[in-house]
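1. let's see this in three dimensions:
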Amino acid sequence: MLPLIFALAAQYDVVVYGGTAAGVAASVQLARMGRSVALVAPEKHIGGMVVEGLGSADIDNHWFPNSPAVGGIAREFYLRVGAKYGQPGPAFRYESKVAEAVVEDFLREARVPVFREKRLRSAVVEDGRVREISVESGERYEAAVFIDATIEGDLVAAAGVSVTWGREANSLYGETKNGIRAETTHAQFKVRVDPYLIPGDQKSGLIATIQDEPLGAPGAGDKNIQAFCFRLCLTRDPANRIPFAKPANFDRSQYEIYFRYLRAGGKLWTPQARLPNGKTDLGSWHDLSANLYGMNRDWPNGDHATRDRIYREHREFTAGLLWLLANDPEMPESLRAEWRQWGLAKDEFVDNGGWPRQLYVRDGRRMVSDYVVTEHHTRRVNPTPVADPVAVAFWPTDTHSVRRIVRDGAAYNEGFVFDDDNWGPFGVSYRAMIPPRRNATNLISPTCLSASHVAYGAIRLEQTFFSLGQAAGVAAAIATTEKRDVQDVPYETLRSRLVADGQVVALSPVPRK
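-> Residues are numbered from 1 along each chain as shown. The predicted structure is shown next:
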């Protein structure tokens, strides 16, 4: 029998599940609009990737200036970060600990009750409405409206809403960039790497990190998702540096592809101090780095134990790679000398030994609603018009490769889509954030919204999640105030409040150079 304290569900106007940037924005917006709101988060640290190592925002860092799409709470976040560093304008590069301080300021000032480390156990749905959710530690939360702000779509799935994951076939929505790629050119191997245990002998098996599977039919769908990595915060400051340690279960053979890559003339990546105080935001967007293809296939539908295992596997592999780059005698001395200068930062992720507490989960489940954002919305030329935009996605269709296979006798990264001559900023429809009425009438998601794999790649940025979270908060406030289903929230009312609060809901197409 549960303790008495858990016998009754805590009641709110709105419950937000998920401690992402979107979850923060939704909660703060709701509180500012006078709604009672609870932020229930599986995470201990709130803020998503902006507090977990992604310190270099994808804002004004390419040839296209996309900061005009950043408004509302998103812009306020970056302005507050800038203020922490004593600068008058927004800061798009920042330390995770500073970002977390800003997030905590947001939540404290808005008086949002935050329930941390509360992992979803189940959802109760009655007559097409989510009545309450329960978490593994026993607490229950009841609300008129729920917001799923997880990347994985855990609440959406628990509520019985239609979901998908992986890549749709191009034929499903008439796309060209989805599904198995006939040719993957972006971040493709720059040198030819023999994939076989015994070089040249395909019967000998494959070295680690390569999947033994055929290319498949170009354009066909599958259930592969973008590779994960850590956004590593490293430092060269001796007083703040944690030296790379050799993992207890280190297996040098797992890194054979890195040695072969070097022997073939490849050049491995090295850290660069791009953040304040000489720190890095070291991601994995190279032909060979720390993206671990195929090791995350169980993530979208995995339970908490499965995801914990995948996190540990990625951390152990990445820790071994960092030690190898700095110490293994087969690594070129110049490379080792560079990496030996670096280490994890003592003053970041202090409760986790300098390691981000979260993987960079690039996608999970996606809702399948009556409205689906597709490649057609993202196009610069003749895009599908959007009648009810609530935020602007201003980024190319950016999906990392999903697997590493053998093609023409060499290692081959398959699935990367980034940039081309036909993309532009587009409005994200409110209808993509709500499920079919037959599934649920009081549930909204700004993070696992209804979009194809390739279109989601243009949406999945932290600044866009801030904006979509704010939109979800406004919609939920209207729905609770006017006692409406989320499908019946008047768009003009929603839009008017967003614009009044500084949200950007429309932009002209970006000109090409």
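2. shaky segments in the stretch 401-513 of the chain?
-> 509-513 (pLDDT under 70).
3. please name the nearest non-neighbouring residue to residue 336.
-> residue 326 (5.8 Å; Cβ to Cβ, 6 or more residues apart in numbering). All C-beta spots, glycine's among them, are computed from the backbone N, C-alpha and C.
4. which helix or strand contains that neighbour?
-> Under the criterion of DSSP states H and E, residue 326 resides in helix 304-327.
5. tell me how far the residue nearest to residue 336 lies from residue 87.
-> Per Cβ to Cβ, to the nearest Å, residue 326 is found 34 Å from residue 87.
6. with neighbour numbers in mind, choose between the two.
-> residue 326 (20 against 11; other Cβ atoms under 10 Å).
7. ok, that one touching residue 344?
-> No: between residue 326 and residue 344 there is no contact under Cβ atoms under 8 Å: 11.8 Å.
8. so what sits against both of those two?
-> Applying Cβ atoms under 8 Å, 6 or more residues apart in numbering, one finds that residue 326 and residue 344 are jointly contacted by residue 244.
9. excluding sequence neighbours, find me the nearest residue to the residue at minimal distance from the centre of the chain.
-> With distances taken as Cα atoms, centre = their mean, the residue of the chain nearest its centroid is residue 362 (4.0 Å). Nearest non-adjacent residue to residue 362, counting by Cβ to Cβ, 6+ apart: residue 226, 3.9 Å away.
10. contact partners for the one you found?
-> The contact partners of residue 226, by Cβ under 8 Å, 6+ apart, come to 362-363, 399-402, 415, 457.
11. pLDDT score assigned to it?
-> Per-residue confidence (pLDDT) for residue 226: 97.
12. quick one, helices of the protein?
-> Using DSSP state H, the helices of the chain run over 21-32, 72-84, 96-110, 154-158, 170-173, 256-263, 304-327, 333-340, 375-378, 453-459, 462-481, 491-500.
13. quick one: closest of the ones you listed to residue 214.
-> Smallest distance to residue 214 across those (Cβ to Cβ): 18.1 Å, for helix 170-173.
14. show me what counts as buried in that closest one.
-> By neighbour count on 16 or more other Cβ atoms under 10 Å, the buried set for helix 170-173 is 170, 173.
15. quick one: that helix to chain centroid distance?
-> Relative to the chain's own centre, helix 170-173 is displaced by 24 Å; criterion: Cα atoms, centre = their mean, to the nearest Å.
16. for that helix, output the C-alpha coordinates as PDB.
-> C-alpha atoms of helix 170-173 as PDB (Å, rounded to 0.1, in the frame of the first residue of the first chain):
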ATOM      1  CA  ASN A 170      10.100   9.100 -49.200                       C
ATOM      2  CA  SER A 171       6.900   7.800 -50.800                       C
ATOM      3  CA  LEU A 172       4.800   8.400 -47.600                       C
ATOM      4  CA  TYR A 173       4.800  12.200 -47.900                       C
END
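17. can you list contacts of it?
-> Taking Cβ under 8 Å, 6+ apart as the rule, helix 170-173 contacts 176-179, 219, 221, 372, 374-376, 452.
18. just curious, which of those residues is nearest to residue 272?
-> residue 177 (29.6 Å).
19. wait, the closest one sits on residue 417?
-> Yes: Residue 177 is within contact range of residue 417, at 5.0 Å (criterion: Cβ under 8 Å).
20. common neighbours of those two, please.
-> The contact lists of residue 177 and residue 417 share 397, 454, where a contact means Cβ under 8 Å, 6+ apart.
21. got any ranges where this structure has weak pLDDT?
-> Within the chain, the stretches with pLDDT under 70 are 1-7, 509-513.
22. can you name the residues bridging to the most far-flung residue of it relative to its centre?
-> The C-alpha centroid of the chain is most remote from residue 201, which lies 38.6 Å away (Cα atoms, centre = their mean). Taking DSSP bridges as the rule, residue 201 bridges to residue 198.
23. run a quick neighbour tally on residue 465.
-> The number of residues near residue 465, taken as other Cβ under 10 Å, comes to 27.
24. check residue 186 too.
-> With neighbours defined by other Cβ under 10 Å, the count for residue 186 comes to 18.
25. going forward, count from 775.
-> All set: I'll call the first residue 775, so the last point we hit is now residue 960.
26. and it, what does it touch?
-> Contacts of residue 960 (Cβ under 8 Å, 6+ apart): 1190-1193.
27. 7 Å instead?
-> Shown in contact with residue 960 (Cβ atoms under 7 Å, 6 or more residues apart in numbering): 1190, 1192.
28. measure it to residue 1267 for me?
-> Residue 960 sits 42 Å away from residue 1267, taking Cβ to Cβ as the criterion.
29. cool, and residue 1057?
-> Residue 1057 is 39 Å from residue 1267, where distance means Cβ to Cβ.
30. tell me which of these two has more neighbours.
-> A side-by-side neighbour count of residue 1057 and residue 1267, using other Cβ under 10 Å, places residue 1057 first with 19 against 15.
31. check contacts around residue 1089.
-> By Cβ under 7 Å, 6+ apart, the neighbours of residue 1089 are residue 1129.
32. residue 831 and residue 858: what is the separation?
-> 15 Å.
33. the two - which one has more neighbours?
-> residue 831 (26 against 17).
34. distance of the nearest residue to residue 985 once chain neighbours are set aside relative to residue 1038?
-> Of all residues not flanking residue 985 in the chain, residue 1068 sits nearest, at 4.6 Å (Cβ to Cβ, 6+ apart). Distance, residue 1068 to residue 1038, using Cβ to Cβ: 22 Å.
35. what's the answer for residue 955, then?
-> Distance of residue 955 to residue 1038, computed by Cβ to Cβ: 23 Å.
36. so for these two, which sits in the more crowded spot?
-> Taking other Cβ under 10 Å, residue 955 and residue 1038 do not tie; residue 955 has more neighbours (22 against 15).
37. so the more buried one touches residue 1188, yeah?
-> Yes: Residue 955 lies in contact with residue 1188 (Cβ atoms under 7 Å); the separation is 6.0 Å.
38. re the thing from before, give the contact list for the residue nearest to residue 1110.
-> Contact analysis of residue 1100 by Cβ under 7 Å, 6+ apart lists 1018, 1110, 1113-1114.
39. now residue 1244
-> Residue 1244 neighbours (Cβ under 7 Å, 6+ apart): 799-800, 803, 846-847, 1277.
40. save the contacts of residue 1100 as a markdown table, and put in distance to residue 1141 too.
-> Below are the contacts of residue 1100 laid out as a markdown table (distance: Cβ to Cβ, whole Å):
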| residue | distance to residue 1141 |
| --- | --- |
| 1018 | 40 |
| 1110 | 47 |
| 1113 | 42 |
| 1114 | 46 |
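41. no further queries at this time; thank you.
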